[in-house]
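Engineer: Here you go, sequence then predicted model.
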Amino acid sequence: MHKEALVGHASTEAGKPFYRILYVQVLIGLALGVLTGHFWPEFGAALKPFGDGFVKLVKMMIAPIVFCTIVSGINSISDSREVGRTLVKSMALFYLLTVLALLAGLIAVSLIQPGAGMHVAVSTLDPSVAAKFSKQAGATGFTDFMLHIIPHSFFGAFADGEVLPVLLVSILIAFGLSRAGDSGVAVTNAVASFSHVLFVSFGFIMKLAPLGAFGAMAFTVGRYGIRSIGSLGLLILTFYIACSFFVVVVLGTLARLNGFSLWKTIRYFKEELLIVLGTSSSEPALPSALRKLEQLGCRKGVSGLVLPMGYSFNLDGSAIYLTLASIFIAQACDIHLSWGQIAAMLGLMLLTSKGAAGVTGSGFVALVATLSVMPDLPVTAVALLVGIDRFMSEARALTSMISNCVAAITISLWEDACDREVLARELGQRVTREATGRTMTAPVVQENASWVSRTQTAA
C-alpha cells in the first residue's frame, strides 16, 4: 500500500485536464508576462508587486516548514551519528561542487573573453551603485559568518526567515526530543501535525504561482527589455554557457555515477524549476522540492537536512557568476590578474558564495562583497553589470536549484537512505541489479509513504 501512496501524486497529475496542471499554468503565466512586458512595458513594470507578493508569501512559510521537516526527520533517526555523517558528507560535496562551479565560470570567461576590447575607464563609472549594494553585503569574514548563523533569540530565527539559523535551531530541538523520552512524545506528535497543516496551507499558496510568475516576468521584460542587453549580450551568453556546462557535465556525471538520470530528475522537478525561472528565486521551490524528494524515496531525515543546507552552502549558480563577473570586470577595465591573484580570489569566493541567500539579486550582492575586500579589482565596476543582472539571476537560481536537488538525492543514496526502486519508478527509468543491491528497509519506506500520504493534499 505504501508504494501506491508514493506514486499517488503522479497519478493525480496525470488525471487532471492539462490546463489545471501547475507547470502548464506557470508556463502560460510566463508567456503572458513576456508578451505584456514587451508590448506594454510601463504596465508590465507596474506588475512587480505580483511577483514580490508571491515570493513573500512563500518565504513566510519556509522557516516553519524547514523546522518541522528537520525536527521530525532527525527525530526518526535512531543513530545520532548518522546525522553527523550526513552533515560531513554534505559539506564535502557542497564544497567540491562549489569549486567546480567557480572553475566553470573561470574557464568560460577566459576562453570567450566577453570583456576584451571594452577599455572601460574606472573613473567614468558611477560609485553610487556599488555603495548601494555594499550596505547589503554584510559580513565577509569566516568568524562573522559563523556567528551570523546563531540567531539573537529562539523566535528570532523564524522572524528573520534565514535558513541557516532555522537549521541550527531545528537540529538542537531534534536532538533534544530524541533524548527527552516520553516527555517529548507530545511535542513530536504536535510537530508532525503542524507539518501537515503547513503543507496543506502551502498548497493554497502554490495556486498563486502562475500569477507570481506572470508579474515577475512582466516586470523583468517591461523594466529592462531585450534592448538593455546591448553590448553585454556576449557576457550573458557566456554565463549561460558556463551554467549549462556545469549542469550537463558536472551534475550529469554525478547523477550517472550514482545510478539516476539527470534529465529525468530535471523533468520530475519541472514545476519547481519553472517557478524559479519566473520569480528568479529558488526559495519558492523549497517546500515542494522537500515533498518531492520524499516521493522519490528519500528519507526525510537526510533529504530534509541536505536540501535546506544547500540553499546556503551550495549556491553553484552564484559561484559561477562570481568568477565570471570578476574576470569580466578585469577584462573590461584592462586589468591583468596573475594566477596567484586569481587563486586568492577563488579562495575568497568559497566563503562569499556561501553567504548569498537563494533570493533575487543575492549573487550581485555577493559579487560586491567579494570585490569590496579585493584591492585588485575596482568595486565601482559593478555598475557595468547592474543593468543586465536580472537576466542572469534566472540562470543562477536554476543552476543552484538543480544542483541542490541532485545533491540531496546523491547524499541520500550514499547514506543508504533512498529506496532505489522507488527512485527509478518515480523517475521512469530502469533500475539495474547492481543499483538495487542496497535499498532502504521496509520500515523506512513505510515512514516515507506515511509522510507523503499526509501531505498529498498540498499538491
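Structural biologist: Everything's here; your move. Numbering: from 1, shown residues only.
Engineer: Can you get me a residue count around the residue nearest to residue 173 when sequence neighbours are not counted?
Structural biologist: Distances taken as C-beta to C-beta, 6 or more residues apart in numbering put residue 71 closest to residue 173, at 5.4 Å, once the chain neighbours are dropped. Using the backbone N, CA and C atoms, a C-beta is placed for each residue, glycine as well. Applying other C-beta atoms under 10 Å, we find 27 residues neighbouring residue 71.
Engineer: Isn't residue 291 up against residue 199?
Structural biologist: Yes - using C-beta atoms under 8 Å, residue 291 makes contact with residue 199 at a distance of 6.6 Å.
Engineer: Where does the closest residue in space to residue 167 that isn't next to it in sequence sit, in terms of helix or strand?
Structural biologist: The spatially closest residue to residue 167, leaving aside those adjacent along the chain, is residue 308, at 5.6 Å (C-beta to C-beta, 6+ apart). Using DSSP states H and E, residue 308 falls within helix 300-313.
Engineer: Dump that helix to PDB, keeping only the CA atoms.
Structural biologist: The C-alpha trace of helix 300-313 is given here as PDB (Å, rounded to 0.1, in the frame of the first residue of the first chain):
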ATOM      1  CA  LYS A 300      13.200  12.900   5.200                       C
ATOM      2  CA  GLY A 301      15.800  12.700   8.000                       C
ATOM      3  CA  VAL A 302      18.500  13.000   5.300                       C
ATOM      4  CA  SER A 303      17.000  14.900   2.400                       C
ATOM      5  CA  GLY A 304      15.200  17.300   4.700                       C
ATOM      6  CA  LEU A 305      18.600  18.200   6.200                       C
ATOM      7  CA  VAL A 306      20.600  18.300   3.000                       C
ATOM      8  CA  LEU A 307      18.300  20.500   0.800                       C
ATOM      9  CA  PRO A 308      17.900  23.400   3.200                       C
ATOM     10  CA  MET A 309      21.700  23.300   3.900                       C
ATOM     11  CA  GLY A 310      22.300  23.500   0.200                       C
ATOM     12  CA  TYR A 311      20.300  26.800   0.000                       C
ATOM     13  CA  SER A 312      23.200  28.500   1.800                       C
ATOM     14  CA  PHE A 313      26.200  26.200   1.200                       C
END
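Engineer: so what does it touch, helix or strand wise?
Structural biologist: helix 48-75, helix 80-112, helix 163-180, helix 286-295, helix 389-414, helix 442-454 (3 or more C-beta pairs under 8 Å, 6 or more residues apart in numbering; DSSP states H and E).
Engineer: cutoff 7 Å now
Structural biologist: Applying 3 or more C-beta pairs under 7 Å, 6 or more residues apart in numbering; DSSP states H and E, one finds that helix 300-313 makes contact with helix 48-75, helix 80-112, helix 163-180, helix 286-295, helix 389-414.
Engineer: Compile those into a markdown table and extend it with columns for distance to residue 380 and mean pLDDT.
Structural biologist: What follows is the helices and strands packed on helix 300-313, written out as a markdown table (distance: least, C-beta to C-beta, whole Å; pLDDT from 0 to 100):
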| stretch | distance to residue 380 | mean pLDDT |
| --- | --- | --- |
| helix 48-75 | 27 | 82 |
| helix 80-112 | 20 | 89 |
| helix 163-180 | 30 | 82 |
| helix 286-295 | 35 | 88 |
| helix 389-414 | 15 | 90 |
